[in-house]
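Undergrad: okay, predicted coordinates and the sequence, questions at the end:
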Amino acid sequence: MKKTEIVLILLVAVIIGVIMSLTFNASTYITFADAEKQMGKEFTVIGVLNKEKEILFEPRQNLLTFFAVDSLDNERKVYYHDSKPQDFERSEKITMTGFSTDSGFVARTILMKCPSKYNEQQYIQHDTLTSPIY
Amino acid sequence: MEFIGEHTLIGNLGQAFVSIAFAATILAAFSFYRSAINEQLKAIWLPVARAAFYSHGLAIIGVISCMFIMIYNHYFEYQYVWQHSSLELPTHYMISCFWEGQEGSFLLWTFWNIILGSILIKKANSWEPTVLTIVSVIQVFLVSMILGIYVFGIKLGSSPFVLIRNLEENLGLPWTEMANYLQVVPQFMDGRGLNPLLQNYWMVIHPPILFLGFALTMVPFSFAISGLWKKQYSEWIEEALPWTYAGIMVLGTGILMGGAWAYEALSFGGFWAWDPVENSSLVPWIILIAAAHLMLIYRARKAALPTAIGLTILAFILIIYSTYLTRSGILGDTSVHAFAGGLSSQLLVYLLTFTLASIVLFFSRLKHIPSNKKEDVVNSREFWMFIGSMVLFISAFQITWFTSLPVINKVFGTNMAPPLDAIALYNSWQTPLALLIVFLVGITQHLSYKKTNIKKLIKQIAFSLILAGALALYIAYTVQMWHALYLSLLWATLFAAIANFEYWRKILKGNWSHSGASVAHIGFALVIMGALLSNANKRTISSNEGFIAKDFPSNENILLEKGDTTHMGNYHVLYKSDTLLGINKTYEVEYFNLLEDSSYAYQFTLHPFIQLNEIMGNVAEPATEHFALYDVYTHLTYADTDVHDTSNPYHHESLINIKQGDSVIYNQHFLYLDSLMVNANTNLASPEALDVMLIAKLRMQNMQGEFSTTQSIYAVKNNMAQSFPGFIDDGGLKYKFIFEEVNPEAGSIQIKAYEHIDNEKPFIVMKAIIFPYINVLWIGMILMAIGTGIAMIQLFRNKK
């Protein structure tokens, strides 16, 4: 056997390792209810910000609390121990990693889906349609 | 209907240029193809093809000029101008507006391809017809992205010359029927403006360089495909090599400039975050480096040709894949700064066309590609260069595979979420791979092609290994980095840098024109070393010791009250003042060292600022103090950005109802209404003309029992009510009282009380991080660019 062939076999082995690694390490998108089955264990939850309820940011406490609704329409209070991200109120979808506790979901990171170009156009339409401009 | 104030001429002209550019590049592709397949007709078709390509180039320059005119003159009736610029934008950022959108950045890419295509027409000689056929086909795809026309009901591309009223989603809206919509609809008076994050000098130079890097990968690709096409399986390498080095240099510089921008202007605290957008431009660069080294192996030893061809093609395919990932919207949930979608299916067609065509061509020719039948020699330079290229391939594969998670989900119908700590996972793969690569970078230069004398090798590198070990221990001591893998990587990077320097000094006798490889390798080793030292040892000095859960800090921020000096890490910090300058609110933060005699020694001042932007939201920009051996990075995570009206510095209104002789509690004070006098004659301007005048005598008592008094007056003259406020200053706490009204039934009066804005100490919340040895990274980056540049020049010279 040529040495290059040994190298190629090793190469394939490592590539399979990479593929497996992602499968094993990938997190799963779950709901608040599922996260609560294993309190304290970290998961990724995708939710929508409830804009009706209070979004409270207390800079002196370094704490942001808000209410998020998951895909099964369950709502939980979310605690985020950091400053409020820019444009938080305008976010459509929030991806949160963190764990559940008795009093709510404690988020380590939050990633927001930013409002897109399309929405800005909707905003124009909305404004010009509802408010008289003459 | 005639619309008032629209400048439709420039848009029509621009759109005409787009059409011309598209038609001309199709003609160019066709006629270059004709001249490539038929030697007899070459004399006829080649001039046609060149003329078509140049016309295409001029038309694209026309398109770009029209766009600049529109942006410069603020023609907000155009979607692109309205979306990406505004009236108050400084001229030097107008250039960034141009590539903020999809259309503009495709144009930038197209523009560089034209420059490269024109050079290739002059320089590629016998390769011109085939290479330019491929370039022109690429251009057909790129220009189709900005066509904005409908073919059989399918929208092809998105044009930068669309009027807002003609946008699909606006058709039929009432305002589009108004001739004077530009005058009366307030939204069109000004554009949305440039994203505040892009209002940064790095964002003026980073995109053009990155896109030049993208464009340069096209050249080796075109040569490799031409080689397969014309069955000149190895001859293309000599032509493609210098261009490959140009690509490595420019793309690498572009990527690291993106890192520099992230470090200087973004708030995630670092220069690299394994974000999909960053990854997708890093991967083609890694593959291009692997391809370049395989080309060198072939040149020296006539081996590894199929792999060299394969990876050269792959580098370009990955550029298209990167474009697909970042612009189709597929990354959505996993990336912070991907473009919004819109061209998804068109990009997919582009990607699949080039991938499938390349695969078919490559595998149909594979059996004809000469391959090395000799037994490999383990102690040869080519063997380890090959291994190194394979390690690079694995590194690129890991990054691509992990970044492609949304694509994998879509293809396999899975619903995997990104790993919880993706950065740690990337690092756990890439750190050992980097160790291998860097070690090979150090040793391979000292190996000989064919066969190496091992004794001589050991003698050559022993010194570098030992010196690197000693230095590694010293540096690890300064930052207390004793993790075995990190320590080995540090040692390997130092070894690679020293060994390459020694090779240049001893073997190349300090010759500059052959120093390219050594300088670039030293640069690469330093980039890895800088990344390791600054990332593995970065210290968030603003964080406190509290943890919510394991590895889950409760607070990485520090709160600074204005005027107070607070302890933070090795420093004491003072939030001294804030100033509003234009659109930036800047905060002055001073750093001190506490001396033994408990006095403060001033060190430096940082000015993190917040760019105020009502439309897109305020953006905090960090400030960094650079030292030779470390950086102190400071970033505001919260600050009160309200702009206070200095003519009326009172706020926090409270309504107080109070009876004569009564007291209320207000702001930790007792407030008494001592007396209420009616029609009293005081020294107001003209008391005799007053109809009614009420004077409320107020007394305010603090917790220490000290009190101050004032009077608030309510006057009615000629049926006009007027109020004269009273002021109280209680040892620096200032209040204002306005006599608002009388409530006869209750027998009380109403007073509006205000606090002075200075009563409550303003504060900021910030994060501060120390990045040790980050300068090593930037120096490495510069050396790598210089080294690759020297190699490129040398290769271009040799070709002549």
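TA: The structure has been received and is ready for your questions.

Undergrad: give me the secondary structure label for the nearest residue to B:Ala601 once chain neighbours are set aside.
TA: Using Cβ to Cβ, 6 or more residues apart in numbering or on different chains and skipping the chain neighbours, the partner closest in space to B:Ala601 is B:Asn593 (4.7 Å). The way it works is simple: take the backbone N, C-alpha and C, and place the C-beta from them, glycine included. With DSSP: H, G, I helix; E, B strand; the rest coil as the basis, B:Asn593 sits in strand.

Undergrad: also B:Val742?
TA: strand.

Undergrad: buried sites along the host helix or strand of B:Ser428?
TA: Using DSSP states H and E, B:Ser428 maps to helix B:422-444. Residues of helix B:422-444 classed as buried by neighbour count (16 or more other Cβ atoms under 10 Å in any protein chain shown): B:422, B:425-427, B:429-431, B:433-444.

Undergrad: can you tell me how far B:Ile309 is from chain A?
TA: Applying Cβ to the nearest Cβ, to the nearest Å, the value for B:Ile309 to chain A is 16 Å.

Undergrad: now the helix holding B:Ser428: mean pLDDT?
TA: For helix B:422-444, mean pLDDT is 94.

Undergrad: what mean pLDDT does the helix or strand that comes right after it have?
TA: Next along the chain after helix B:422-444, taking DSSP H and E as the criterion, comes helix B:454-479. Across helix B:454-479, pLDDT averages out at 94.

Undergrad: shouldn't A:Leu63 be in contact with A:Ser83?
TA: No. Here A:Leu63 lies out of contact with A:Ser83, judged by Cβ atoms under 8 Å, at a distance of 9.5 Å.

Undergrad: comparing those two, which shows the higher neighbour count?
TA: Set A:Leu63 next to A:Ser83 and count neighbours by other Cβ atoms under 10 Å in any protein chain shown: A:Ser83 wins out with 24 against 17.

Undergrad: ok, now which ones touch the more buried one?
TA: Counting by Cβ atoms under 8 Å, 6 or more residues apart in numbering or on different chains, A:Ser83 touches A:Phe57, A:Pro59, A:Asn62, A:Leu64, B:Asn557, B:Thr637, B:Tyr638, B:Val765.

Undergrad: where does it fall, phi/psi-wise?
TA: Backbone torsions for A:Ser83, taken as degrees, to the nearest 10, come to phi -70, psi 160.

Undergrad: from B:Ile548, how far out is it?
TA: Using Cβ to Cβ, to the nearest Å, A:Ser83 is found at 16 Å from B:Ile548.

Undergrad: low-confidence ranges, chain A, go.
TA: Within chain A, the stretches with pLDDT under 70 are A:1, A:113-134.

Undergrad: tell me where it has helices.
TA: A:3-25, A:32-37, A:117-130 (DSSP state H).

Undergrad: got the contact list for the shortest one?
TA: Looking back up the chat, that one is helix A:32-37. Counting by Cβ under 8 Å, 6+ apart, residues outside helix A:32-37 touching it are A:Lys41, A:Phe43, A:Val45, A:Gly47, A:Asp70, A:Leu72, A:Asn74, A:Arg76, A:Phe99, A:Ser100, A:Phe105.

Undergrad: pull out the buried members of the residues you listed.
TA: A:Phe43, A:Val45, A:Gly47, A:Asp70, A:Arg76, A:Phe99, A:Ser100, A:Phe105.

Undergrad: of those residues, which fall within the contact range of chain B?
TA: A:Phe43, A:Phe99 (Cβ under 8 Å from any Cβ of the partner chain).

Undergrad: tabulate the buried ones among the contacts of helix A:32-37 in JSON lines, adding columns for distance to B:Ile4.
TA: Shown next, in JSON lines, are the buried ones among the contacts of helix A:32-37 (distance: Cβ to Cβ, whole Å):
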{"residue": "A:Phe43", "distance to B:Ile4": "57"}
{"residue": "A:Val45", "distance to B:Ile4": "52"}
{"residue": "A:Gly47", "distance to B:Ile4": "47"}
{"residue": "A:Asp70", "distance to B:Ile4": "50"}
{"residue": "A:Arg76", "distance to B:Ile4": "53"}
{"residue": "A:Phe99", "distance to B:Ile4": "59"}
{"residue": "A:Ser100", "distance to B:Ile4": "59"}
{"residue": "A:Phe105", "distance to B:Ile4": "54"}
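
Undergrad: narrow the buried ones among the contacts of helix A:32-37 to those in strands?
TA: Taking DSSP state E, the ones among those that sit in strands are A:Phe43, A:Val45, A:Gly47, A:Asp70, A:Arg76, A:Phe99, A:Ser100, A:Phe105.

Undergrad: what's the closest of the residues you listed to chain B?
TA: Comparing those against chain B with Cβ to the nearest Cβ places A:Phe99 closest, at 7.0 Å.

Undergrad: where does the stretch 451-600 of chain B have low pLDDT?
TA: Along the stretch 451-600 of chain B, segments meeting pLDDT under 70 span B:550.

Undergrad: quick one: the strands in it?
TA: According to DSSP state E, counting those that start in this stretch, the stretch 451-600 of chain B carries its strands in the segments B:539-540, B:547-549, B:552-553, B:558-561, B:565-568, B:571-581, B:584-594, B:600-606.

Undergrad: any stretches of the stretch 301-450 of chain B with poor pLDDT?
TA: Short version for the stretch 301-450 of chain B, where the test is pLDDT under 70: B:332-342.

Undergrad: and it, which residues reach chain A?
TA: B:332-333, B:336, B:340, B:375-376, B:378, B:383, B:386-387, B:390, B:393-394, B:397-398, B:401-402, B:405, B:408, B:415-420, B:425, B:429.

Undergrad: for ChimeraX, what selects the buried ones among those residues?
TA: Per 16+ other Cβ under 10 Å, the buried members of those correspond to this ChimeraX selection:
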select /B:333,376,383,386,387,390,393,394,397,398,401,402,405,408,416,417,418,419,420,425,429
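
Undergrad: so which of the residues of the stretch 301-450 of chain B next to chain A are in helices?
TA: Short answer: these in helices (DSSP H) are B:383, B:386-387, B:390, B:393-394, B:397-398, B:401-402, B:405, B:408, B:425, B:429.

Undergrad: A strand includes B:Leu636, no?
TA: Yes. When three-state DSSP is applied, B:Leu636 is found to be in a strand.

Undergrad: count of neighbours near it?
TA: B:Leu636: 25 neighbours (other Cβ under 10 Å).

Undergrad: what bridges to the residue nearest to the spatial centre of chain A?
TA: Taking Cα atoms, centre = their mean, the centroid of chain A lies closest to A:Thr95, which sits 0.6 Å from it. In this entry, A:Thr95 is beta-bridged to A:Ile46, A:Leu111, by DSSP bridges.
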